[in-house]
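**Q** Predicted model and sequence follow; I will ask about them next.
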Amino acid sequence: MEFETLIECESCLSTLPITMIRETDTHNKEFHEMELSPTGRMVFRLRGFTLIELLVVMAVVGTLVAMLLPAVQQARESARRMQCKNNLKQIGLAMHNYDETFELLPPTASGISRADTAFVAILPFLEQANLFAKFEEGGASRTEARKQTVSVYICPSDSIPGACQYLPASSYALSTGSMYYRRNDNNGAIVDYFNYVYGALGRPVVVKPTSIASVNNRDGTSNTFLVGELAHKLTNFADTGSGSQGAWTTWHTSYPQAFSTGSTAGQFNVNTLSDPYDFNSWETFRSYHPGGVNFVLCDGSVKSIATEIDAAILDRLANRKDGEVVGEF
């Protein structure tokens with residue numbers, strides 16, 4: 001039987017023939033109840049969700065979000081960690097190319113007056129020859145070059161404070177050994193230029209340049225750090241008055257203007273220092289990656305070193321010439 005009677009949908013405030021309602025998606029009869037109104041018209045009422053049903057749906061959605069969010073964050077951190085390792089791989093390759101060209105590894109700085117770091121020295125091997133040329137020109141060109149951010153020197157997980165004045169920052173530091181690197185027999189893969197200065201001034205410490213070959217002849221390139229992370233994550237870094245936050249790490253300037261070197265002399269991979277003026281720990285490797293710090297070793301391999309690593313093994317990895325067997329790490 002064909003119904004031509006007009007009916008009302010009170011929820012939609014519309015009046016349509018039943019034949020149209022049957023054909024109209026927005027008036028799906030599965031969601032309406034039909035009854036006779038006091039005026040004799042047939043009325044459709046929209047059947048909605050009860051409060052309990054809404055609460056159940058909200059609880060299910062909340063549970064799904066709570067389950068998925070950590071997985072999403074973990075996936076993002078995994079991608080950032082992979083990018084960090086790729087950065088270190090490129091830095092390690094540039095160091096090897098520098099070594100093949102000059103038959104030695106670059107020191108921490110090219111001169112105390114200019115304080116250009118080893119990260120500056122390897123720029124031509126990172127497809128940054130034009131930027132390196134500006135450093136060589138000096139003057140205004142060098143000043144402009146020091147303002148440039150080099151993406152390969154930034155770990156995507158390193159949270160660099162916006163108010164940090166030691167910019168452009170870096171997330172990586174040259175490995176100078178297991179001891180506080182100034183005024184000592186520098187035992188890392190990278191030689192500290194400060195030791196040359198002390199030698200020139202008649203001090204007893206003079207360290208010869210290193211090379212991939214010399215490291216290989218002592219402890220082996222696969223057992224010696226070359227470059228590692230030095231992230232801006234110290235919550236009680238004492239030198240905040242200078243405008244630095246979390247660290248002094250930069251890629252273009254050496255000590256005493258900033259830090260581009262790291263060691264294992266202090267607390268490894270900590271967020272908060274037991275002593276805010278623990279200078280050794282200011283320059284000890286650390287990272288934002290959960291559970292460990294990324295390093296490129298002298299053989300070019302990149303590894304994540306666990307925060308809980310035995311301190312003796314960590315020092316052996318930093319020392320290029322201790323002759324100790326490292327074992328598994």
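**A** Cool, the structure landed.
**Q** Give the helix, strand or coil label for Gly262.
**A** strand (DSSP: H, G, I helix; E, B strand; the rest coil).
**Q** OK, contacts around the spatially closest residue to it that is not a sequence neighbour?
**A** Among residues not flanking Gly262 along the chain, Ala173 sits closest, at 3.3 Å (CB to CB, 6 or more residues apart in numbering). Every residue, glycine included, has its C-beta placed from N, CA and C. Taking CB atoms under 8 Å, 6 or more residues apart in numbering, we find Ala173 in contact with Val227, Gly228, Glu229, Leu230, Thr249, Phe259, Ser260, Thr261, Gly262, Glu283, Phe285.
**Q** For the residues you listed, point out the one with the lowest pLDDT.
**A** Within the set of the contacts of Ala173, pLDDT is lowest for Phe259 (78).
**Q** So what does Glu324 look like in phi/psi?
**A** phi -80, psi 150 (degrees, to the nearest 10).
**Q** rewinding a little: so which of the contacts of Ala173 is the closest to Asp158?
**A** Glu229 (7.6 Å; CB to CB).
**Q** Could you give the bridge partners of that closest one?
**A** Tyr172 (DSSP bridges).
**Q** what about it, neighbour count?
**A** By other CB atoms under 10 Å, 29 other residues sit near Glu229.
**Q** and if you look at the one 4 residues further on?
**A** Residue crowding around Lys233 was assessed by other CB under 10 Å; the count is 20.
**Q** quick one: it and Arg286 touch, right?
**A** Yes. Counting by CB atoms under 8 Å, Lys233 touches Arg286, with 6.0 Å between them.
**Q** Overlap in contacts, these two.
**A** Contact criterion CB under 8 Å, 6+ apart; residues shared by Lys233 and Arg286: Asn271.
**Q** separation between the residue nearest to Gly262 and Phe125?
**A** 18 Å (CB to CB, to the nearest Å).
**Q** What ranges does the protein have for its helices?
**A** 18-23, 51-102, 118-121, 129-137, 139-145, 193-200, 212-218, 279-282, 311-318 (DSSP state H).
**Q** Most tightly packed of the ones you listed?
**A** Highest mean neighbour count among these (mean count of other CB atoms under 10 Å): helix 118-121, with a mean of 25.
**Q** So which elements touch that helix?
**A** Applying 3 or more CB pairs under 8 Å, 6 or more residues apart in numbering; DSSP states H and E, we find helix 118-121 packed against helix 51-102, strand 172-175.
**Q** Can you pull out the residues in contact with it?
**A** Counting by CB under 8 Å, 6+ apart, 91, 95, 98, 105-110, 132, 135, 150, 153, 170, 172, 174, 190, 251-252, 260 sit against helix 118-121.
**Q** hmm, try it at 10 Å
**A** If you take CB atoms under 10 Å, 6 or more residues apart in numbering as the criterion, helix 118-121 is touched by 91, 94-95, 98, 102, 105-110, 114, 126, 128, 131-132, 135-136, 142, 145-146, 150, 152-153, 170, 172-174, 190-191, 193, 227, 250-254, 260-261.
**Q** what's the answer for stretch 126-140, then?
**A** For stretch 126-140, contacts defined as CB under 10 Å, 6+ apart pick out 90-91, 93-94, 97, 110, 114, 116, 119-125, 141-146, 148, 150-153, 252.
**Q** Under the pLDDT cut-off, which ranges of the protein? List them.
**A** Confidence mapping of the chain against pLDDT under 70 gives the ranges 1-48, 71, 73, 111-115, 161-167, 181-185, 193-207, 238-246, 256-257.
**Q** Distance to Phe295 added to the helices of the chain, as JSON lines?
**A** Below are the helices of the chain laid out as JSON lines (distance: least, CB to CB, whole Å):
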{"stretch": "helix 18-23", "distance to Phe295": "70"}
{"stretch": "helix 51-102", "distance to Phe295": "7"}
{"stretch": "helix 118-121", "distance to Phe295": "15"}
{"stretch": "helix 129-137", "distance to Phe295": "25"}
{"stretch": "helix 139-145", "distance to Phe295": "27"}
{"stretch": "helix 193-200", "distance to Phe295": "22"}
{"stretch": "helix 212-218", "distance to Phe295": "14"}
{"stretch": "helix 279-282", "distance to Phe295": "17"}
{"stretch": "helix 311-318", "distance to Phe295": "8"}
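**Q** Would you mind telling me which of these is nearest Gly292?
**A** Nearest to Gly292, of these and by CB to CB, is helix 51-102 at 9.3 Å.
**Q** Determine the set of other helices and strands touching that closest one.
**A** helix 118-121, strand 172-175, helix 212-218, strand 225-229, strand 292-297, strand 302-306 (3 or more CB pairs under 10 Å, 6 or more residues apart in numbering; DSSP states H and E).
**Q** so what does the fifth one touch, helix or strand wise?
**A** In this structure, strand 292-297 makes packing contacts with helix 51-102, strand 172-175, strand 225-229, strand 302-306, helix 311-318, judged by 3+ CB pairs under 10 Å, 6+ apart.
**Q** Kindly indicate which of the contacts of Ala173 lies nearest Ala75.
**A** Using CB to CB, Glu229 is the member of those that lies nearest Ala75, at 20.8 Å.
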